[in-house]
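Enquirer: build the 3D model from these lines:
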Amino acid sequence: MNKSACYSKLLLLPIVGLLILFSACSSMRQTTYFQDLTPGETELKASFPLDIKVQPEDQISILVSSRDPQLTSLFNLPIISQQVGQASLGGGSSRGLAGYTVDARGEIDFPVLGKLPIAGKSRSEIAVFIKDKLISGDYVKDPVVTVEFMNLKVSVLGEVNQPGRFNIDRNQMTLLDAISLAGDLTIYGKRDRVMVLREENGAQRVYGVNLCSANQMYSSPAYYLQQNDVVYVEPNSVRSRQSTLNGNNVRTTTFWLSLASFLTTIGVLIFK
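Expert: Have a look, this model is predicted:
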């Protein structure tokens, strides 16, 4: 082997090493969550916790109980009988109770008490509101009011493992909760570009959330989700190129290694 060939092959080694190193570092930066966190040293504060507030068209179940079941039965809607395997009304955890649908004015028609304005209230606030009405009206002395969501959902679309619509069954639901329900992002999802679509005051607003930065994620107004929010995970460039024939071939490490080997061969032939 002549000196030119040896020199060309030696020159190829650092180039190959740099290509592999660059590819590995780039992949890690694109797929790692919370890159600005250091265990035991980082302390972050999330945005102010935002409870789910009931809105018009939402469905809720309300159960009133006390020491006198016969008395409280006046304030409860009838139980819906269900066959085995049949989904509950609204797909929630209403335990077979019939539900109330909040009308356009934000009210429900409650037995005995009549129209009650509940839009803009959380589950606990609705429970306290109805309890006070029952006590102040001398209807029930010791009421216990339980409020459950019935049709409140969020949607998760794009590059996640299990896209779909998911029930809200708690007072607060975070973006991480929704992503977990959807089975996490795929390897092709842009972790630095997750969008949350939310209707506010009759207009659609889009929030961008960077999951690679815990500080940016926790401080985002979209960290705490609301009913009917849509979470969309944008595909990265690798996934986008898969829509075209051989779109990713020119970006793979194998391609660049083959190209380097080809150029080395040409160099050897020229300097023979």
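
Enquirer: how many other residues sit next to Gly99?
Expert: Under the neighbour criterion other Cβ atoms under 10 Å, Gly99 is assigned a count of 21. Yep, even glycine has a C-beta here, placed from its N, CA and C like the rest.

Enquirer: meant to ask about Val140, not that
Expert: With neighbours defined by other Cβ under 10 Å, the count for Val140 comes to 21.

Enquirer: once you drop chain neighbours, what's closest to it?
Expert: Leu134 (4.5 Å; Cβ to Cβ, 6 or more residues apart in numbering).

Enquirer: mind checking the SS state of that neighbour?
Expert: Three-state secondary structure (criterion: DSSP: H, G, I helix; E, B strand; the rest coil) places Leu134 in helix.

Enquirer: any weak-confidence spans in the stretch 101-250 of the chain?
Expert: For the stretch 101-250 of the chain, applying pLDDT under 70 flags the ranges 239-250.

Enquirer: against Val238, how distant is Glu57?
Expert: In this view, Glu57 and Val238 are 40 Å apart by Cβ to Cβ, to the nearest Å.

Enquirer: which SS state does the closest residue to Pro49 other than its chain neighbours fall under?
Expert: For Pro49, the nearest residue in space outside its immediate sequence neighbours is Gln172; the separation is 5.7 Å by Cβ to Cβ, 6+ apart. For Gln172, the assignment made with three-state DSSP gives coil.

Enquirer: ok, Gln204 next?
Expert: Here Gln204 is recorded as strand under three-state DSSP.

Enquirer: show me the contacts for Tyr232.
Expert: Neighbouring residues of Tyr232 by Cβ atoms under 8 Å, 6 or more residues apart in numbering: 157-158, 194-197.

Enquirer: an error on my part: the question was meant for Gln204.
Expert: Counting by Cβ under 8 Å, 6+ apart, the residues that Gln204 touches are 197-198.

Enquirer: and the next element down the chain from the helix or strand hosting Val147?
Expert: When secondary structure is defined using DSSP states H and E, the element that contains Val147 is strand 144-149. Remark: after strand 144-149, the chain's next helix or strand is strand 153-158, criterion DSSP H and E.
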